[in-house]
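# Sequence first, then the predicted structure, then my questions.
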Amino acid sequence: MNEFILTDSDFRSISALLEKAAGINLSPSKKTLVYSRLVKRLRLAGTTTFAEYRTLLERDSTERQKMVEALTTNTTSFYRERHHFDHLKDLLINQLIPAARQGRRVRIWSAACSTGEEPYSIAFTVLSVLPQGSGDLDLKILATDINSTVVEKARTGIYGSSAIETLPPGTRQRFFEKVTGSNGVEVAVCRAARDLISFRTLNLQEAWPMNGAFDVIFCRNVMIYFSPETQSRLWQRFGSVMPQGGILYIGHSERVTGPAAQSLINIAPTTYMLSGEGK
Ligand SMILES: C[S@@+](CC[C@H](N)C(=O)[O-])C[C@H]1O[C@@H](n2cnc3c(N)ncnc32)[C@H](O)[C@@H]1O
């Protein structure tokens, strides 16, 4: 028997709070998942029923943030959907690095970066073209996520050895070094890759305080958690922070929808280019 009872009304109320806070839209089939992810929070908060926990959520914004973090799914991996990094490499060689050499500012955004494997794969792609790093070029990567715990993990750049076991030996040797810490032998991302990235906590549903446009945006495997209306609004917002010719990479089961589909043109699998009026 379960330690707590999660009623349909508890589930609906928690789902509504989650959608309001993070845009994440839970179908009723996720009731078991909500229970298993929140049990620990109820215990830590010293609450004895979901009803009591709901009352706590209404008055305590820190607990609301913890509830959101507990309900985000952070699955990711290095070079996930490899074809995006092959495409990015060509783009860097043919357009972005020549533009940066002419003094242009170049920005790449990993908009739901989870524990960092995505932005580090972007950084490794940059380093595969610019082995010494960006040097004097104004080329930077921004990596953001709503979940501050995963952003903190990403910032450390330290992973269990299993995270890189499927990478080619050359990639492992070039971009990682072995480190021994409290968790035994782990791997650390090289300094050159870490220097290219700024990590920040950012909720995509709220204001984006960044200045300037993004030449490339990775927004992969996060829209699937949002309602069709939220997705449509966000695609438009991404389009509004890209220059003409800017590139958007999305997840394998996602699709650009709504008015943004007029200007974000599908140029390769799950790869879009902004045409027409951008920023
Ligand atoms: C499945 S991971 C995808 C990670 C990476 N982009 C990839 O494709 O491997 C989804 C990420 O989206 C983040 N996320 C969910 N809602 C968000 C929101 N409203 N704003 C920013 N990030 C969000 C989660 O915290 C999680 O780390």
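Perfect, I can see it now. Numbering: from 1, shown residues only.

# of all the residues in the chain, which ones are close to the ligand?
Along the chain, the residues adjacent to the ligand under the rule C-beta under 6 Å from any ligand atom are 22-24, 72-76, 80, 112, 114, 118, 145-147, 150, 203-205, 220-222, 225, 251. For every residue, glycine as well, the C-beta is placed using N, CA and C.

# can you tell me the helix or strand for Trp235?
Assessed by DSSP states H and E, Trp235 sits inside helix 228-240.

# Tell me which of the residues of the chain next to the ligand fall in strands.
Counted as lying in strands by DSSP state E, out of those, are Asp145.

# Can you go through the residues of the chain next to the ligand and name the buried ones?
By neighbour count, with 16 or more other C-beta atoms under 10 Å, the residues of the chain next to the ligand hold 22-24, 72, 74, 76, 80, 112, 114, 118, 145-147, 150, 203-205, 220-222, 225, 251 as buried.

# what's the pLDDT at Gly278?
In this prediction, Gly278 carries a pLDDT score of 44.

# same deal with Gly135?
For Gly135, the pLDDT comes out at 95.

# How many neighbouring residues does it have?
By other C-beta atoms under 10 Å, the residues close to Gly135 number 8.

# Tell me the secondary structure of it, please.
At Gly135, secondary structure determined by DSSP: H, G, I helix; E, B strand; the rest coil is coil.

# these two touch, right, Val129 and Asn94?
No: taking contacts as C-beta atoms under 8 Å, Val129 lies outside contact range of Asn94: 10.4 Å.

# Could you check which of those two has the larger neighbour count?
Set Val129 next to Asn94 and count neighbours by other C-beta under 10 Å: Val129 wins out with 14 against 10.

# For the more buried one, which non-adjacent residue is closest in space?
If you skip the residues right next to it in sequence, Val129 has Leu92 as its closest partner in space, 4.9 Å away by C-beta to C-beta, 6 or more residues apart in numbering.

# Leu88 too?
The shortest distance from Leu88 to any non-neighbouring residue, by C-beta to C-beta, 6+ apart, is to Thr125 (5.2 Å).

# how about the one helix or strand the one you found maps to: buried residues?
Counting by DSSP H and E, the element that carries Thr125 is helix 117-129. Buried residues in helix 117-129, counted by 16+ other C-beta under 10 Å: 117-128.

# Okay, domains of the protein per the record?
Using automatic domain parsing, the domain parsing of the chain gives 8-71, 82-158+191-274.

# deepest of these, which one?
Mean neighbour counts were compared across these using mean count of other C-beta atoms under 10 Å; the top stretch is domain 82-158+191-274, at a mean of 19.

# ends of it, how far apart?
22 Å (C-alpha to C-alpha, to the nearest Å).

# mind checking how far it is from the chain centre?
Mean C-alpha position of domain 82-158+191-274 versus that of the full chain (C-alpha atoms, centre = their mean, to the nearest Å) differs by 9 Å.

# Show me what the helix holding Trp235 is packed up against.
Helices and strands touching helix 228-240, by 3 or more C-beta pairs under 8 Å, 6 or more residues apart in numbering; DSSP states H and E, are strand 216-219, strand 264-268.
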